[in-house]
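In: got a sequence here, can you build the structure:
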Amino acid sequence: MKKSTRKIWIALAVLAAVAVIFGVVYKLAGPKPQQGSKSCTLEVSDDKGEVTAYELSTDVEYLRELMDEAAEKTDFSYEGEEGDYGLYIETVNGLTADYDADGAYWAVYVNGEYGQNSVDLQPVADGDTYRLSYEASGGE
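Out: Predicted structure coming up:
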């Protein structure tokens, strides 16, 4: 019994070490914020495909901060829930996406490409365009 317990502890230690290594690699190689003043565009594409654009000059580093700033300075608004991967956007400009009802969600695009990061981790860069797009799959 002692050998199996020891093997379990060794396996847990190895797993923890691997998790730490992945965390360090992500921190070193992951997306880096751009410091200083920058101009960028925040777009909202609603359920009818209509796009509202907000031109912003800012010194924030991440998209969520840009969204907060847009909410303070313009008629842009958003609501969401904190999850394991950061903010899950539920409502933008009064339009709620309900995935459980019809497969709808708010997608994030960066310069026309599907976003690879949550709004909490998406760096803001000068000249970039960020789009929050209402998308629905038609239900489960």
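
In: so who does the most centrally placed residue in the chain touch?
Out: Central residue check for the chain by Cα atoms, centre = their mean: the C-alpha nearest the mean position is that of residue 118, 1.7 Å away. Contact analysis of residue 118 by Cβ atoms under 8 Å, 6 or more residues apart in numbering lists 85-87, 108. All C-beta atoms are positioned from the backbone trio N, CA, C, and that covers glycine.

In: for the chain, what's the longest helix?
Out: The longest helix of the chain (DSSP state H) is helix 2-29.

In: got a list of contacts for the next helix or strand along the chain from it?
Out: Downstream of helix 2-29, the first helix or strand assigned by DSSP states H and E is strand 38-45. Under the criterion Cβ under 8 Å, 6+ apart, residues 51-59, 66-67, 70, 76, 92-93, 124-134 lie in contact with strand 38-45.

In: of those, grab the buried ones for PyMOL.
Out: Provided next is the PyMOL selection string for whichever of those are buried by 16 or more other Cβ atoms under 10 Å:
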select buried, resi 54+56+58+66+67+70+76+92+124+125+128+130+131+132+133+134
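
In: re the thing from before, give me the element the residue nearest to the centre of the chain is part of.
Out: Judged by DSSP H and E, residue 118 forms part of no helix or strand.
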